[in-house]
Every structure is written in C-alpha cells, then in structure tokens.
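In: I'd like to go over a predicted model; first the sequence, then the structure.
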Amino acid sequence: GQQVMQIPQYQHVQEGEDFTTYCNSSTTLSNIQWYKQRPGGHPVFLIQLVKSGEVKKQKRLTFQFGEAKKNSSLHITATQTTDVGTYFCAGQKTNAGKSTFGDGTTLTVKP
Amino acid sequence: DGGITQSPKYLFRKEGQNVTLSCEQNLNHDAMYWYRQDPGQGLRLIYYSQIVNDFQKGDIAEGYSVSREKKESFPLTVTSAQKNPTAFYLCASSTPEGGRRSYNEQFFGPGTRLTVL
C-alpha cells in the first residue's frame, strides 16, 4: 500500500533558526496537504499542493511539491515560539478517497 | 457556527466493554474519517465514508465498527475485540473535487481521549 515517510521525527531549534521537514511518498500523488497540530490540539490544515514543482508561501512558511509529485517539503524561516507543534504531510492518490499521513515532525523552539 | 464536534473529550471505560465515540459535522461535507493517534505514530486511518450508507476500512479497522446513516454523523464503536484501545481518536470531514477523484482539506474535530482501564 501507499506509504508516506516524513523526516526528521523531531527537531529542536533555537528561536530565529530555520526549520525544514521532508515528506516522501512511495507512489506518485495527486496532491499533498500539510497540517499543523499544536500540543494537546487537533490537526489544522495549512496548505494543499497540486501541481508538479509547485511552490507556495505563507509568510515565513514555504511549501514545495517535487517535480515527480512524490516528495514535498515545508520550510520555516526564522522560527518563533508560536511555531511549536507537530507538522504532518498527507498524500492523496487519484480516486483513493482518502489521504495517507506521514508520522509528523515535532518542532520545539527554544527562546 | 459550523464545524465538527466530538464528544466526550475524555472517556474512561473498563476492559471488555464496547464504547461508541460520536462525531457530528454541520459543514455539509460528504466524506468523513476516523483516525487513531498514538504518541510518535502520526494519524492512522480506521474507517472512512465518502457518502451516506457507505464506508470503507482503513489501515487499522480490526476491532472497530462504524455507521453512516446520516450525512452529519459518523459514530465509531470501539469493541472489546480491539486489543489496545487506549488512544486519541480524531474525526475529520472533507468535500470531494474533480468528481470524487480527489478530496479537499480535512477539517478535524477536537478529538476524544479514550482510556481503557
């Protein structure tokens, strides 16, 4: 079945440092979504990427979708304490009716 | 105020008892999902439903059952056959696009933390 691997599992940074999490699928995806889950909370949708090679930005967050539509990354520039949480990617295949989530990357930010 | 509700937030049950977790949405979404989250293991799909009166097994359906009699509701029953039921359970909903070839973002409920004693 489809597998979505996400690395690293944990990342500890000093406030102001950059952060990147990577997502790799065993199969070609129709789209990929990114979610953020704050400690004790539920996942909240951040963005969806659909096109090959697509790059989208949300303030300090940059999302990329690979040319082969099998990998993606989320990069945060100059992290802040409000960025703490677990970031999940979720890959979807055409006609699958469901997404497969990566195991997430948990970010902690030291002030 | 649209959204997804799950109740209760915390639930305790004795081993061997079945328990039903509720999930209600007023977003008019066609698709609904149940996930289980354990520490360090991300979200694992239990069951999903793309339309009323139809549902499919996810990756870890054993020991669970669902029903989808109404568009707004997708209750999950954790049966006594589930060997390790203590976990955080999340319900989500979504809308299809492209003639159901793909789905838009998922909206999650606040979750239910089930502890089996």
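Out: Right, received. Where do you want to start? Residues are numbered from 1 along each chain as shown, chains lettered A, B, ... in the order given.
In: and the spatially most central residue of chain B, what helix or strand is that in?
Out: Centroid check for chain B by Cα atoms, centre = their mean gives B:Trp34 as the closest residue, at 2.4 Å. Counting by DSSP states H and E, the element that carries B:Trp34 is strand B:31-37.
In: Moving C-terminal from the worst-scoring helix or strand of chain A on mean pLDDT, which element do we reach first?
Out: Taking mean pLDDT, DSSP states H and E as the measure, chain A has strand A:99-101 as its least confident helix or strand, at a mean of 93. Once the chain leaves strand A:99-101, the next helix or strand it forms, by DSSP H and E, is strand A:105-110.
In: Partner strands of that next one and their direction?
Out: strand A:10-14 (parallel), strand A:85-92 (antiparallel) (DSSP bridges).
In: Next, the angle from the strand holding B:Trp34 to strand A:85-92.
Out: Angle of strand B:31-37 versus strand A:85-92, following axes from the mean of the first three to the mean of the last three Cα atoms, to 10 degrees, is 130 degrees.
In: pLDDT (mean, whole number) over the next helix or strand after strand B:31-37?
Out: As assigned by DSSP H and E, the chain's next helix or strand after strand B:31-37 is strand B:43-51. What strand B:43-51 shows for mean pLDDT is 95.
In: ok, so what distance separates B:Gly42 from A:Phe88?
Out: Taking Cβ to Cβ, to the nearest Å as the measure, B:Gly42 falls 6 Å from A:Phe88. All C-beta atoms are positioned from the backbone trio N, CA, C, and that covers glycine.
In: Neighbour count for those two, which is higher?
Out: Set B:Gly42 next to A:Phe88 and count neighbours by other Cβ atoms under 10 Å in any protein chain shown: A:Phe88 wins out with 25 against 22.
In: Quick check: next helix or strand after the helix-or-strand element of chain B with minimal mean pLDDT?
Out: Here the helix or strand of chain B ranked lowest by mean pLDDT, DSSP H and E is strand B:102-103, holding a mean of 78. Once strand B:102-103 ends, the next helix or strand along the chain (criterion: DSSP H and E) is strand B:107-108.
In: That following strand: how far from the chain's middle?
Out: Relative to its parent chain, strand B:107-108 has a centroid offset of 11 Å by Cα atoms, centre = their mean, to the nearest Å.
In: Pairing partners for it, with directions?
Out: Partners of strand B:107-108 in the sheet, by DSSP bridges, are strand B:87-94 (antiparallel).
In: Now do the same for the strand it pairs with: mean pLDDT, whole number.
Out: Strand B:87-94 shows a mean pLDDT of 97.
In: centre of the chain versus that strand, how much separation?
Out: Centre-to-centre, strand B:87-94 and its host chain are 5 Å apart (Cα atoms, centre = their mean).
In: packing partners for the helix or strand following that strand?
Out: The helix or strand immediately downstream of strand B:87-94 is strand B:96-97, counting by DSSP H and E. Counting contacts by 3 or more Cβ pairs under 8 Å, 6 or more residues apart in numbering or on different chains; DSSP states H and E, strand B:96-97 is packed against strand B:102-103.
In: Name every strand pairing with the strand it packs on and say which way it goes.
Out: Assessed with DSSP bridges, strand B:102-103 is paired to strand B:96-97 (antiparallel).
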